[in-house]
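# Need a 3D model of the sequence below.
(one chain, ligands or ions: 1)
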Amino acid sequence: MRYRWPDGKQSAVVLSFDFDAESGFLFREPEKAKRSLADLEERRFGPRVGVDRILRMLDRLRLRASFFIPGWTAVNHLPQCTLIRDAGHEIGAHGNVHEAVGSLDAAREKAVLEAQLAILQGQLGVRPAGYRSPSWEVNVWTPGLLKAHGFLYDSSLMGNDVPYDLETADGPLAEVPVQWLLDDAPLFRHVYGATNAIADPGRVLQMWSKEFAAMHRENGCFVLTCHPFISGRASRVALLEELVLAMRRVRGVWFATCEEVASWHAKQGRAGALMPEGGTEA
Ligand SMILES: [Zn+2]
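Presented below is the predicted three-dimensional model:
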């Protein structure tokens with residue numbers, strides 16, 4: 001066994017959703033955001049339609065997921081965020097206005113982190129255990145900041161495909177790793193001038209199924225990252241449901257939230273995990 005999962009399970013599966021709404025666009029292109037209704041509306045599909053459709057799918061499956069929500073989204077789309085919380089899903093931090101932290105110094109990043117914690121607490125009464133960095137940008141000092149602010153885990157890095165540790169001055173921070181292969185944006189999002197085309201959901205189902213099957217053999221942690229404004233489209237929610245139903249037919253799969261995976265890692269896995277060859281270098 002490469003990694004020891006609870007109750008003798010062979011692998012873990014997490015469905016995660018980054019509920020950006022308009023926030024990433026507002027941060028990245030503030031001038032364009034003042035006039036481009038088209039860009040804003042593309043992203044408003046998430047709170048207007050996608051979240052509800054995804055929540056209904058998760059309810060049909062009786063499956064808890066992890067939602068990473070920027071502070072801006074919590075303030076501006078509070079009813080949808082409240083529905084997510086009240087359905088029992090995990091809520092994690094995801095920036096304030098989806099700030100890509102690669103452009104921030106440590107002091108500014110700390111201020112942004114504290115602002116988002118205050119918003120999630122104030123709007124939703126949530127103290128998140130986990131953090132997913134906007135656009136998966138992480139600075140070398142970010143894990144230390146997260147640990148100092150009481151986070152259990154980060155879920156933004158690609159250094160392994162089982163949970164691992166990021167060393168900080170205050171001890172290890174669990175990492176629940178992500179990867180581009182399991183992100184909906186490069187597959188489904190239309191971007192003018194980009195090389196990607198809109199993928200056939202059937203092809204994506206096959207690709208994600210193959211990755212799941214192979215990771216299951218490898219005792220991996222299959223963390224899928226989707227966005228309500230992208231994957232909230234009807235055929236894509238259907239794809240997610242079909243994928244989960246297929247994965248449930250496989251024995252020994254632990255369906256969990258990121259927080260449950262990180263808690264397991266901190267309590268048991270960290271001590272009990274058998275790390276792959278090459279050690280924990282990350
Ligand atoms: Zn995001």
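# Strands of the stretch 151-282 of the chain, residue ranges please.
Taking DSSP state E, counting those that start in this stretch as the test, the strands found in the stretch 151-282 of the chain are 153-154, 164-166, 173-175, 221-226, 253-255.
# Enumerate every residue touching the residue of the stretch 151-282 of the chain found nearest the ion.
Nearest residue of the stretch 151-282 of the chain to the ion, counting by Cβ to the ion: His227, 6.7 Å away. Bear in mind the C-beta positions are built from the backbone N, C-alpha and C, glycine included. Counting by Cβ atoms under 8 Å, 6 or more residues apart in numbering, His227 touches 17-20, 46, 50, 184-185.
# next one: phi and psi at it?
As for His227, its main-chain torsions (degrees, to the nearest 10) stand at phi -120, psi 130.
# Now do it against Phe151, distance only.
For His227, the distance to Phe151 equals 22 Å [Cβ to Cβ, to the nearest Å].
# Mean neighbour count and mean pLDDT added to the strands of the stretch 151-282 of the chain, as JSON lines?
Output for the strands of the stretch 151-282 of the chain, formatted as JSON lines (neighbours: other Cβ atoms under 10 Å; pLDDT from 0 to 100):
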{"stretch": "strand 153-154", "mean neighbour count": "27", "mean pLDDT": "98"}
{"stretch": "strand 164-166", "mean neighbour count": "22", "mean pLDDT": "95"}
{"stretch": "strand 173-175", "mean neighbour count": "25", "mean pLDDT": "97"}
{"stretch": "strand 221-226", "mean neighbour count": "24", "mean pLDDT": "98"}
{"stretch": "strand 253-255", "mean neighbour count": "19", "mean pLDDT": "98"}
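# Dump the contacts of His227 into a markdown table; add secondary structure, neighbour count and pLDDT as well.
As requested, the contacts of His227 are exported to a markdown table (DSSP: H, G, I helix; E, B strand; the rest coil; neighbours: other Cβ atoms under 10 Å; pLDDT from 0 to 100):
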| residue | secondary structure | neighbour count | pLDDT |
| --- | --- | --- | --- |
| Phe17 | strand | 27 | 98 |
| Asp18 | strand | 32 | 98 |
| Phe19 | coil | 25 | 98 |
| Asp20 | coil | 29 | 97 |
| Gly46 | helix | 25 | 98 |
| Gly50 | helix | 27 | 98 |
| Asp184 | coil | 25 | 96 |
| Ala185 | helix | 18 | 94 |
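# so which of those comes closest to Glu218?
Among those, Asp184 lies closest to Glu218 (Cβ to Cβ), at 22.5 Å.
# ok, that closest one touching Pro228?
No. Look at Asp184 against Pro228 with Cβ atoms under 8 Å: they stay out of range, at 10.0 Å.
# Quick check: which of the contacts of His227 are also close to the ion?
18, 20 (Cβ under 5 Å from the ion).
# Tabulate the contacts of His227 in JSON lines, adding columns for distance to Arg28.
Shown next, in JSON lines, are the contacts of His227 (distance: Cβ to Cβ, whole Å):
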{"residue": "Phe17", "distance to Arg28": "20"}
{"residue": "Asp18", "distance to Arg28": "15"}
{"residue": "Phe19", "distance to Arg28": "17"}
{"residue": "Asp20", "distance to Arg28": "11"}
{"residue": "Gly46", "distance to Arg28": "16"}
{"residue": "Gly50", "distance to Arg28": "20"}
{"residue": "Asp184", "distance to Arg28": "18"}
{"residue": "Ala185", "distance to Arg28": "14"}
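# Which single one of the contacts of His227 is nearest to Leu104?
Asp20 (17.6 Å).
# quick one: contacts for Leu146?
Counting by Cβ under 8 Å, 6+ apart, Leu146 has contacts 113, 131, 154, 168, 173.
# I'd like the distance between it and Gly122.
20 Å.
# who in the protein is up against the ion?
18, 20, 134.
# Quick check: the second one touching Asn76?
It refers to Asp20. No. Asp20 is not in contact with Asn76 according to Cβ under 8 Å; the separation is 11.4 Å.
# which regions of the stretch 51-200 of the chain lie under the pLDDT threshold?
196 (pLDDT under 70).
# got the contact list for whichever residue of it sits closest to the ion?
Nearest residue of the stretch 51-200 of the chain to the ion: Pro134, at 5.0 Å (Cβ to the ion). Contact analysis of Pro134 by Cβ under 8 Å, 6+ apart lists 20, 23-24, 27, 70, 94-95, 98-101.
# mind redoing it with 6 Å?
The contact partners of Pro134, by Cβ atoms under 6 Å, 6 or more residues apart in numbering, come to 95, 98-100.
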